[in-house]
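Participant: what shape does this take:
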Amino acid sequence: MVNVKVSIPYGSTHLTVSFPDNISVKLLIPRDVPGLRDPRVRIREALKKPIGSKPLSEIISSRDIRKAVIIISDLTRPVPDNIILPEILRELNSSGIGKDKITIVVATGAHTPPSFEEIKNRIGEEVVRNVSKIEIHNAKDKSNLIYIGETSFGNKIYINKTVFEADLKIATGCIRPHIIAGYSGGRKIILPGVAGEETISYNHFKFLTHPKVRPGEIEENPISKDMEEAAKLAGLDFIVNVILNTENEVYRVVAGDPYIAWREGVRIADKIYRVSLESPVDILIVSPGEYPEDINLYQSLSKAVNPLWYVVKDGGVVILVAECRDGVGDSLMEEWLVKASSPEEVVERGLREGLKLGPHVGWFTCYRVLSRARFIVVSSIERHKIEQMLFTYASNMDEALKLALKYVKGKPEIAIVPYASKTVINVKGH
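Facilitator: Now for the predicted structure:
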């Protein structure tokens, strides 16, 4: 007899899984909040009455602005720049900053850079026509990086020259849980967003296993603090960040000072994204959320599996539900996983050679998940690729659940996290 059916995001659609009535199933989802009827109105209001900052018009009138940059996220973040950017451009234009002075820089961090066409489709042709240039950051291009100083954590900060040389630096973004930064948004647009590869590597790896490096933690998180110092060195002036609901609708908007406004956004986000669980479960079924959250395996591991490693018991099972329409998403991570004959080999390689951007995600999966639990993937990636990467393949949810129930003894407890990229889970004792 079946009495529980759950729908789980998968690309642009959903997959449904059914559970027998003798199994305990916990659904862990963010608080249900409504999207704004017209977010453009709230964006305009936030720009006129910013938090901890003068309005953009007053900032502009107090400076000689020859170059202005607006830094936006790449395709891996569901930021509604198509509605945010026109409002920012309207503010800039009305304050005397014409299109010839405005550049949009796409913050890619260490991700594979998107194409110009992909960015144009994301932000809209109207925005493209109203700026002088769109630059897609490349963390590996040392010719377009500039050294701006060192943080108290010992990180030498190299960032995009176009960004640093601008007289006005504005950033958009969304605030939600992040595996190592605690919460995204704000300062993160600079590091890793427009930073150099060595700077990103230092920030990501130096404190990777620190106990405060986890989703939802910012106050004692050295990675977050390092990012904040980098943003201050870069001279980030102003942010417009959104908090999204599970449907990726805009719930709230914060604008203003990159640190004060962002922290207010984190306070709001934490109230809707944080949930509690009494103890770890036998089976964890997890999805990053709808596309683009599950755009590739790299992002899906980063957003859904690695942040929630502690939610499953030792000897348990993790099932990842992620379409991954762009495949693995990082060739170097794939190479590390394919070349290894066991998770232990991946962990040993990282310790021996030092972690590298890309493989660090697969390394963490091996270190925190595969070392203590079985891992099943439901994805559009071919079976042979999944199995070459040390994971177990399942063609659908029913097959994945049958496999998981074979691995776990007795009556298992199951937790389902359908929107992992927007969920912080407090487990008692962790």
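
Participant: so which residues of the stretch 51-200 of the chain form helices?
Facilitator: In the stretch 51-200 of the chain, the helices defined using DSSP state H, counting those that start in this stretch lie at 56-61, 81-94, 116-123, 125-129, 161-165, 197-206.

Participant: hmm, who's touching the fourth one?
Facilitator: Residues external to helix 125-129 that are found in contact with it (CB atoms under 8 Å, 6 or more residues apart in numbering): 81-82, 85-86, 89, 99, 104, 120, 134. Using the backbone N, CA and C atoms, a C-beta is placed for each residue, glycine as well.

Participant: roughly how far does the closest residue to V424 other than its chain neighbours sit from P222?
Facilitator: Leaving aside its chain neighbours, V424 sits nearest to G216 (3.7 Å; criterion: CB to CB, 6 or more residues apart in numbering). Per CB to CB, to the nearest Å, G216 is found 15 Å from P222.

Participant: repeat for M397
Facilitator: The gap separating M397 from P222 is 38 Å, by CB to CB.

Participant: also K303?
Facilitator: Distance, K303 to P222, using CB to CB: 21 Å.

Participant: ok so, going back, so which of the contacts of helix 125-129 is the closest to V427?
Facilitator: D81 (34.7 Å; CB to CB).

Participant: picking up where we left off before, return the residues in contact with the residue nearest to V424.
Facilitator: Listed by CB under 8 Å, 6+ apart, the contact partners of G216 are 177, 182-183, 270, 273-274, 424.

Participant: next, format the helices of the stretch 51-200 of the chain as CSV and append mean neighbour count.
Facilitator: What follows is these, written out as CSV (neighbours: other CB atoms under 10 Å):
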stretch, mean neighbour count
helix 56-61, 17
helix 81-94, 19
helix 116-123, 16
helix 125-129, 13
helix 161-165, 19
helix 197-206, 20
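
Participant: relative to V41, which of these is closest?
Facilitator: helix 81-94 (9.6 Å).

Participant: chain center to that closest one, what's the gap?
Facilitator: Chain-centre distance of helix 81-94: 24 Å, with CA atoms, centre = their mean, to the nearest Å.

Participant: same question for stretch 421-430.
Facilitator: Mean-position distance between stretch 421-430 and its chain equals 16 Å (CA atoms, centre = their mean).

Participant: swap in stretch 386-400?
Facilitator: In terms of CA atoms, centre = their mean, the centre of stretch 386-400 is found 24 Å from the chain centre.

Participant: now do stretch 420-430
Facilitator: In terms of CA atoms, centre = their mean, the centre of stretch 420-430 is found 16 Å from the chain centre.

Participant: between the helices of the stretch 51-200 of the chain, which gets nearest to F364?
Facilitator: Using CB to CB, the nearest of the helices of the stretch 51-200 of the chain to F364 is helix 197-206, at 10.1 Å.

Participant: which strands and helices sit next to that closest one?
Facilitator: strand 156-160, helix 222-234 (3 or more CB pairs under 8 Å, 6 or more residues apart in numbering; DSSP states H and E).

Participant: those: which one's closest to L56?
Facilitator: Closest among those, using CB to CB: helix 222-234, at 17.8 Å.

Participant: ok, now which ones touch the residue nearest the centre of the chain?
Facilitator: The residue lying closest to the centre of the chain (CA atoms, centre = their mean) is H178, at 5.7 Å. Going by CB under 8 Å, 6+ apart, H178 touches 184, 188, 215, 307.

Participant: and it, what pLDDT?
Facilitator: In this model, H178 is scored at 94, pLDDT.

Participant: identify the bridge partners of it.
Facilitator: G182 (DSSP bridges).

Participant: is it correct that I29 is in contact with A420?
Facilitator: No - using CB atoms under 8 Å, I29 makes no contact with A420, being 10.1 Å away.

Participant: the more surrounded of the two?
Facilitator: A420 (32 against 14; other CB atoms under 10 Å).

Participant: what distance do you get for the nearest residue to the more buried one once chain neighbours are set aside to I285?
Facilitator: Nearest residue to A420 in three dimensions, chain neighbours excluded: A304, at 3.8 Å (CB to CB, 6+ apart). Going from A304 to I285 by CB to CB gives 10 Å.
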